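Asker: Here's my sequence, what's the structure:
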Amino acid sequence: MTYVNQQLYDNFLPSEKFKEIHDIVMSEKFPWFWTPVLGGDNSYYQMCLAIYFYSRPLHEAYDNMMPIICDKRLKVAAPCIVKANLNTRTTEHVSHGFHVDVPFECTTAIFYVNSNNGYTEFEDGTKVDAVANRLLTFPSTLRHSGVTTTDTNRKVVINFNYFESEHGYEYTD
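Answerer: Take a look at the predicted model:
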């Protein structure tokens, strides 16, 4: 079963734009911070970096997110939060608990930076595999959970929460 208004885009970015984002986020120099996982029981942690938070860029990587934010398919009118998440490998898949990212209605997008056997799961049982350069969008009111990887050292995603409009941003490179 798939929820209404979910969109899945494989090979979302052109390869050179994807490589730029991948190389930045997967770099040893990317600054990760230890935080509790949303929706969890406080025994699960992940590494995060808030890139953009309510009208304010917090990290220079925000500029590299423009090819995603300004993609006409997403119709982004105003970003709310852009956050990178890193989960380390676990011996068994660990679901972090169903949650919503923000306490209001907008759109949530998950951009998968690397391929691994982790996934995103929804309350209806729908699972979306973590495939590099894949982007998933859905209404922010849908409860979802990240699930760790067991086959790579890390699972890396970038979460976007944003308001839509008919036209969205204009992006030129």
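
Asker: Going by C-alpha atoms from here, please, whenever you check contacts or count neighbours.
Answerer: Will do.

Asker: So which helix or strand of the protein has the lowest pLDDT on average?
Answerer: Within the chain, judged by mean pLDDT, DSSP states H and E, the helix or strand with the poorest mean is strand 33-36; its value is a mean of 87.

Asker: That one - which strands sit beside it in the sheet, and in what orientation?
Answerer: strand 45-53 (antiparallel) (DSSP bridges).

Asker: Tell me how far the partner strand lies from the chain's centre.
Answerer: Taking Cα atoms, centre = their mean, to the nearest Å, one finds the center of strand 45-53 at 10 Å from the center of the full chain.

Asker: same check, this time on stretch 97-106
Answerer: For stretch 97-106, the separation from the chain centroid amounts to 13 Å (computed by Cα atoms, centre = their mean).

Asker: in that stretch, what counts as buried?
Answerer: Burial within stretch 97-106, assessed by neighbour count using 16 or more other Cα atoms under 10 Å, is assigned to 97-101, 106.

Asker: which one of these is nearest V156?
Answerer: Proximity of these to V156 (Cα to Cα) peaks at D101, which lies at 16.6 Å.

Asker: now the angle from the longest helix along the chain to strand 45-53?
Answerer: What stands out as the longest helix in the chain, according to DSSP state H, is helix 15-25. Taking axes from the mean of the first three to the mean of the last three Cα atoms, to 10 degrees, helix 15-25 and strand 45-53 form an angle of 120 degrees between their directions.
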